[in-house]
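**Student:** return atomic coordinates for the entry below.
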Amino acid sequence: MADDVEKGDIYFFYRPRIDVDRVQGLDDVQRFYLILVPDAAESARLLLVGKKRMPEILEGTQASTARKWAMVDMTGPPEAVGEALAPLEYETKTRGEREQGEAIPVGEGRYAIVADDGDSRLAYRLDSPSQPGRAQAELGILAEASYVISVRNPDLEVPGFPEDRPDYPETLREKFADERWIAVDDARLLDYTNAQLLLIGAHDDLSEEAVSITGKAALFETLGLKRREWPTEALQAGRLTEPSLRPDAREPEGDPSKGGRRGGRAARQTASASGIAHALKGVDLPCRRAELVRQAEANGAAEEIIEALTALPDQRYETMADIQRAFGEVH
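**Tutor:** Reported below is the predicted structural model:
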């Protein structure tokens, strides 16, 4: 019998290409995201999905369209993930001031990850829209579906996958041994930025899976988004739609053509969720408060972040989610 690894909310978003006036199909989409918000944690994961759509469900075949890579783009409090989806404004050297529209919600539901005998599955069932429409069809989002899910060994090369690597602690690296891919039998494997996954289409009917999915998702409340302000045509009626919000005048982190983030370098020097995560890059978990402070100092973190970490309870921290939770309680 399969073991439950994790359950929670799953949300799907797409971000249209810059300067697209009307989104008519996949060619007008720049990035496609899925968000996992586990029930048992106060953190969320923002995953970038390769080829901008979910794998097709093709029974009895292993066609390339039935598999896709995905990468953890960020982890942190759900509200911080919500902020990363907002519109932004930035300066370019050649074209001056540019705007990047918000990511558009296109699906919400509940998910489960289960593992059994060296295999793991990600299964979900949509709450909204009640009937998938054209928007969902373009992105490969079904009313319900399951996928074989595996996580890549960061120490081995895999052609066709991004070069970025997660900073796994040794306790997780040991799980891979010499395997190129392993099952997601431990949810902590998904809690590190740049963790890479392989998704292979399995079933479009969850009765084929030994999995139970219950509950109802709450996208706007969980991510801290204002429903009355956010575009909902794709989420409610399955219609492709365009950004409508005005951006904050904040510089995105990294290349805006790759999705960018609000806050940027300045945010990494403040005691925010992203600042804490950046300051602790490479930390070997589990550890205690003193090790967190030493890692931040070694990474050249700002004094504000050092003070914030020093103020945390002196306890054992198993995951980044534990640290973010403690940080939220103190601040």
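
**Student:** and for stretch 167-177, what's in contact with it?
**Tutor:** Stretch 167-177 is contacted by residues 153-155, 182, 186, 188-189, 192-195, 281-286 when judged by Cβ atoms under 8 Å, 6 or more residues apart in numbering. C-betas here are computed from N, CA, C, even on glycine.

**Student:** for the buried ones among these, write the corresponding PyMOL selection.
**Tutor:** Selection of the buried residues among these in PyMOL, burial being defined by 16 or more other Cβ atoms under 10 Å:
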select buried, resi 153+154+182+186+188+189+192+193+194+195+283+285
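
**Student:** in strands, which of the contacts of stretch 167-177 fall?
**Tutor:** Using DSSP state E, the members of the contacts of stretch 167-177 that fall within strands are residue 182.

**Student:** okay, and for this protein, where does confidence drop off?
**Tutor:** Where the chain drops to pLDDT under 70, the residues are 1, 59-65, 89-98, 246-274, 328-331.

**Student:** closest to the centroid, which residue in it?
**Tutor:** Taking Cα atoms, centre = their mean, the centroid of the chain lies closest to residue 46, which sits 1.5 Å from it.

**Student:** residue boundaries of the helices in the stretch 201-331 of the chain?
**Tutor:** Listed in chain order, the helices found in the stretch 201-331 of the chain under DSSP state H, counting those that start in this stretch are 219-223, 233-237, 264-268, 273-279, 289-298, 303-310, 320-330.

**Student:** list the buried ones in the longest one?
**Tutor:** Buried residues in helix 320-330, counting neighbours by 16+ other Cβ under 10 Å, are found at 320-327.

**Student:** what segments of the stretch 51-200 of the chain are helices?
**Tutor:** Using DSSP H, counting those that start in this stretch, helices in the stretch 51-200 of the chain cover 78-84, 134-139, 170-173.

**Student:** name the helices or strands packed onto the longest one?
**Tutor:** Taking 3 or more Cβ pairs under 8 Å, 6 or more residues apart in numbering; DSSP states H and E as contact, the helices and strands that helix 78-84 lies on are strand 44-49, strand 67-76, helix 219-223.

**Student:** can you redo those as JSON lines with distance to residue 3?
**Tutor:** Listed next are these as JSON lines, based on distance: least, Cβ to Cβ, whole Å:
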{"stretch": "strand 44-49", "distance to residue 3": "20"}
{"stretch": "strand 67-76", "distance to residue 3": "22"}
{"stretch": "helix 219-223", "distance to residue 3": "25"}
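
**Student:** most tightly surrounded among these?
**Tutor:** strand 44-49 (a mean of 23; mean count of other Cβ atoms under 10 Å).

**Student:** direction included, what does that strand pair against?
**Tutor:** strand 29-38 (antiparallel), strand 67-76 (antiparallel) (DSSP bridges).

**Student:** closest one to residue 213 among the ones you listed?
**Tutor:** Checking the strands paired with strand 44-49 against residue 213 by Cβ to Cβ gives strand 29-38 as the closest, at 13.4 Å.

**Student:** quick one: the closest one to helix 320-330, angle?
**Tutor:** Between strand 29-38 and helix 320-330, the angle comes out at 80 degrees (axes from the mean of the first three to the mean of the last three Cα atoms, to 10 degrees).

**Student:** which of the residues in strand 29-38 are buried?
**Tutor:** For strand 29-38, a neighbour-count test (16+ other Cβ under 10 Å) marks 29-38 as buried.

**Student:** can you check stretch 202-209 too?
**Tutor:** Going by neighbour count (16+ other Cβ under 10 Å), the buried part of stretch 202-209 is 202-203, 206, 209.

**Student:** go on, stretch 120-133?
**Tutor:** Residues of stretch 120-133 classed as buried: 120-129, 132-133 (neighbour count, 16+ other Cβ under 10 Å).

**Student:** strands - which of these land there?
**Tutor:** Among the buried residues of stretch 120-133, the members falling in strands are 120-128 (criterion: DSSP E).

**Student:** reformat the strands paired with strand 44-49 as a markdown table; add distance to residue 298.
**Tutor:** Formatted as a markdown table, these follow (distance: least, Cβ to Cβ, whole Å):
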| stretch | distance to residue 298 |
| --- | --- |
| strand 29-38 | 30 |
| strand 67-76 | 21 |
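
**Student:** closest to residue 238 out of the ones you listed?
**Tutor:** Here strand 29-38 is closest among the strands paired with strand 44-49 (Cβ to Cβ), at 15.0 Å.

**Student:** for the closest one, which outside residues touch it?
**Tutor:** Applying Cβ under 8 Å, 6+ apart, the contact partners of strand 29-38 are 6-18, 23, 43-49, 52-54, 70, 73, 78, 81, 85, 103, 111, 138-139, 187, 190, 222-223, 257-259.
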